[in-house]
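*Asks:* any chance you could fold what I've pasted below:
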Amino acid sequence: MNPKYESCKNYTMAKTVHEYDPLMDEIFVQPGSIDETLDFPKIFGNDNPVEIEIGCGKGRFILAESKARPSVNFIAIERSKKIIRIGASRATKLRRTNLAFLNLDADMVVKLLVKPNSIQAYHVYFPDPWPKGRHRKRRLFNPRLLQKMAETLLPQGILKLKSDHADYYNDANERIITSSLFQRVNEDVSYETVRNINEAGEEASHYEIKWRKEARPIHSSEYQIISKS
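*Replies:* Okay, here's the model as predicted:
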């Protein structure tokens, strides 16, 4: 391999490799550094509460949240190397010490790498709805994942969900409620539209902005873990 590509082979596409910022290495949790489970005090250097965004995309939400709440640590998970690299590149310019990126499959991370009673909140915004019937089994909220989310959340921990896809949202809500692990504490449907990115809130994800431009209703719910005995 050409030496100039060696340091960035894990996160870059060939046509953008020349834009790689070495500082990105500092904000990625390297899979090889994980010893059985994620060590948040080691990653962040403190014991502040931790929140996870599943499917961070280009990072608009997680960048806004990490700025607004500096006393909370955030892990941004995204399986697409090309997409997560955009968010990480933006983060290097903002020097956030309470934000780290993890380029792995979120289902695997939650089930295998997160310690019990260690997460304050999970954020799941505009996940792939897998609308075709034969693909529904790929949808995120499978029973085992919900069980592991409940185990890894702190008492009173929360799960937040947003989707523009009504069928997916209703299906996810039913799965979450019927798991008997969570209770819904807030629900909303927003019909707000925007014409461009400047009209959207700083925390709005790129998908949220896209769907609001198309005047799609945005469904959102917040669930709290049922008290652990």
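*Asks:* use CA for all of it now, contacts and neighbours both
*Replies:* Noted.
*Asks:* give me the element the nearest residue to K160 once chain neighbours are set aside is part of.
*Replies:* Closest residue to K160 apart from its sequence neighbours, by C-alpha to C-alpha, 6 or more residues apart in numbering: E222 at 4.5 Å. Per DSSP states H and E, E222 falls inside strand 218-225.
*Asks:* so which elements touch that strand?
*Replies:* Where contact means 3 or more C-alpha pairs under 8 Å, 6 or more residues apart in numbering; DSSP states H and E, strand 218-225 is packed against strand 153-163, strand 182-190, helix 206-213.
*Asks:* run the last query once more with 10 Å
*Replies:* strand 119-125, helix 143-152, strand 153-163, helix 166-178, strand 182-190, helix 206-213 (3 or more C-alpha pairs under 10 Å, 6 or more residues apart in numbering; DSSP states H and E).
*Asks:* okay, now V109: neighbour count?
*Replies:* Counted with other C-alpha atoms under 10 Å, the neighbours of V109 add up to 17.
*Asks:* G55 is in contact with that one, correct?
*Replies:* No. Applying C-alpha atoms under 10 Å as the test, V109 and G55 come out as separate, 11.9 Å apart.
*Asks:* name the residues contacting each of these two.
*Replies:* With contacts defined as C-alpha atoms under 10 Å, 6 or more residues apart in numbering, the residues shared by V109 and G55 are 77, 103.
*Asks:* okay, the helices and strands packed on strand 218-225 in JSON lines with mean pLDDT next?
*Replies:* As requested, those are exported to JSON lines (pLDDT from 0 to 100):
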{"stretch": "strand 119-125", "mean pLDDT": "97"}
{"stretch": "helix 143-152", "mean pLDDT": "95"}
{"stretch": "strand 153-163", "mean pLDDT": "95"}
{"stretch": "helix 166-178", "mean pLDDT": "92"}
{"stretch": "strand 182-190", "mean pLDDT": "90"}
{"stretch": "helix 206-213", "mean pLDDT": "61"}
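*Asks:* and the next element down the chain from the lowest-mean-pLDDT helix or strand in the chain?
*Replies:* Every helix and strand in the chain was compared by mean pLDDT, DSSP states H and E; the lowest is helix 3-6, with a mean of 36. Scanning forward in sequence from helix 3-6 by DSSP H and E, the next helix or strand is helix 24-27.
*Asks:* can you list contacts of that following helix?
*Replies:* Against helix 24-27 from outside (C-alpha under 10 Å, 6+ apart): 7-8, 11, 43-44, 75, 85, 87-93, 95-102.
*Asks:* from those residues, which ones fall inside strands?
*Replies:* Judged by DSSP state E, strands contain the following of those: 75, 99-102.
*Asks:* still on that earlier bit, same list (the helices and strands packed on strand 218-225) but as CSV, adding distance to V50 and mean neighbour count.
*Replies:* Conversion of these to CSV gives the following (distance: least, C-alpha to C-alpha, whole Å; neighbours: other C-alpha atoms under 10 Å):
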stretch, distance to V50, mean neighbour count
strand 119-125, 5, 22
helix 143-152, 11, 19
strand 153-163, 10, 21
helix 166-178, 21, 16
strand 182-190, 19, 15
helix 206-213, 23, 19
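*Asks:* Throw these into JSON lines and include distance to F61, thanks.
*Replies:* Below are the helices and strands packed on strand 218-225 laid out as JSON lines (distance: least, C-alpha to C-alpha, whole Å):
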{"stretch": "strand 119-125", "distance to F61": "9"}
{"stretch": "helix 143-152", "distance to F61": "20"}
{"stretch": "strand 153-163", "distance to F61": "12"}
{"stretch": "helix 166-178", "distance to F61": "19"}
{"stretch": "strand 182-190", "distance to F61": "17"}
{"stretch": "helix 206-213", "distance to F61": "9"}
